[in-house]
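Colleague: kindly generate the corresponding structure for this input.
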Amino acid sequence: MNAKSILFLSLILITTGIQAQRIKGSDTVLPVAQQTAERFMNRNADSRVTVTGGGTGVGISALMDNTTDIAMASRPIKFSEKMKARAAQKNIEEVIVAYDALAVVVHPTNPVKQLTRQQLEGIFRGKITNWKQVGGEDRKIVVYSRETSSGTYEFFKESVLKNKNYMSSSLSMPATGAIIQSVSQTKGAIGYVGLAYVSPRIKTLSVSYDNKHYAQPNVENATRKIYPIVRPLYYYYNAENKEAVTPLIDFILSQEGQDIIKKSGYIPVK
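Modeller: Numbering: from 1, shown residues only. Reported below is the predicted structural model:
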């Protein structure tokens, strides 16, 4: 859509009294953002909400550029992003809308069922290169990761790799769906995805951070804090736009919105 088309559409929305909101960012948050936005529009006939992905970094950049009203994020806003916002005289507000368990996934035929955090670090750092080193078959490990603009990439690095760098030969994927597809087609593959994206096409692994207690990634284990790789999911917006975005944010935090979150495989805030 070119600039003239966008301007024409904006004029139509203004003259018809329709309130348009734009949400952009994290692919992890995308499914539930779409579902809650659709329900919100059903409840509010004069509202229009568009939701697009692209990654947390993309969403926050769009918020700075005023090309989105809400940025979806699967990591907290960075210090450098806060400084950029301050320089642009923008006051960015943060809201936690849900929590998400990050699932480690492999090909369905992989006999390995569980890994420790240290083993995962070894795999994603390139120190462990064959599945036989962790009790599996004699098969090369193929590591899939998200691109650096992804909040999921950042969180996995922080929580699992303890802020150490990924191996240089890991295969960077532009979206969660690409990781699902690649892992489902590659017998030696390993990757990580948000819990809501888990499907029969891939196999999830139990994970232990204490080398004793292993837990599967699911809503119950994440809610009970048994599964260790859990993170908050955020909406960010400009404070000057608070009045416009508040109805939509209030809806996702309402009982109805949180029920959608739970049914979609995320962990409710309340």
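
Colleague: all helices in the stretch 51-200 of the chain, in order from the N-terminus.
Modeller: Ranges of helices within the stretch 51-200 of the chain are 56-64, 79-87, 117-124, 151-159, 176-185, based on DSSP state H, counting those that start in this stretch.

Colleague: any residues touching the second one, and which ones?
Modeller: If I follow you right, that is helix 79-87. With contacts defined as Cβ atoms under 8 Å, 6 or more residues apart in numbering, helix 79-87 is touched by 60, 64, 91-92. The way it works is simple: take the backbone N, C-alpha and C, and place the C-beta from them, glycine included.

Colleague: mind running it again at 6 Å?
Modeller: Helix 79-87 has contacts (Cβ atoms under 6 Å, 6 or more residues apart in numbering) with 60, 92.

Colleague: just the C-alpha atoms of it, please, in PDB.
Modeller: In PDB, the C-alpha atoms belonging to helix 79-87 read as follows (Å, rounded to 0.1, in the frame of the first residue of the first chain):
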ATOM      1  CA  PHE A  79      18.300   0.500  27.500                       C
ATOM      2  CA  SER A  80      19.400   1.600  24.100                       C
ATOM      3  CA  GLU A  81      15.800   1.700  22.900                       C
ATOM      4  CA  LYS A  82      14.800   3.700  26.000                       C
ATOM      5  CA  MET A  83      17.600   6.200  25.300                       C
ATOM      6  CA  LYS A  84      16.400   6.500  21.700                       C
ATOM      7  CA  ALA A  85      12.900   7.200  22.900                       C
ATOM      8  CA  ARG A  86      14.100   9.800  25.400                       C
ATOM      9  CA  ALA A  87      16.000  11.500  22.600                       C
END
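
Colleague: flag every buried residue along it.
Modeller: Neighbour-count burial for helix 79-87 flags 81, 84-85 (criterion: 16 or more other Cβ atoms under 10 Å).

Colleague: out of those residues, which comes closest to Asp100?
Modeller: Within the buried residues of helix 79-87, the smallest distance to Asp100 is 20.3 Å, found for Glu81 (Cβ to Cβ).

Colleague: just send the buried residues of helix 79-87 back as a markdown table, with pLDDT and distance to Leu253 too.
Modeller: Shown next, in a markdown table, are the buried residues of helix 79-87 (pLDDT from 0 to 100; distance: Cβ to Cβ, whole Å):
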| residue | pLDDT | distance to Leu253 |
| --- | --- | --- |
| Glu81 | 95 | 23 |
| Lys84 | 92 | 27 |
| Ala85 | 91 | 23 |
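
Colleague: which single one of the residues you listed is nearest to Asn163?
Modeller: Glu81 (17.8 Å).

Colleague: residues in contact with the strand with the most length in the chain?
Modeller: If you go by DSSP state E, the chain has its longest strand at strand 92-106. Identification of contacts with strand 92-106 by Cβ under 6 Å, 6+ apart yields 28, 85, 183, 190-195, 198, 202-205, 217, 222, 227, 229-237, 239, 249, 252, 261, 266-267, 269.

Colleague: which of these count as buried?
Modeller: Neighbour counting over the contacts of strand 92-106 (16+ other Cβ under 10 Å) leaves 28, 85, 183, 190-195, 198, 202-205, 217, 222, 227, 229-237, 249, 252, 261, 266-267, 269 as the buried ones.

Colleague: just the residues you listed: which are in helices?
Modeller: Per DSSP state H, helices hold the following members of these: 85, 183, 222, 249, 252, 261.
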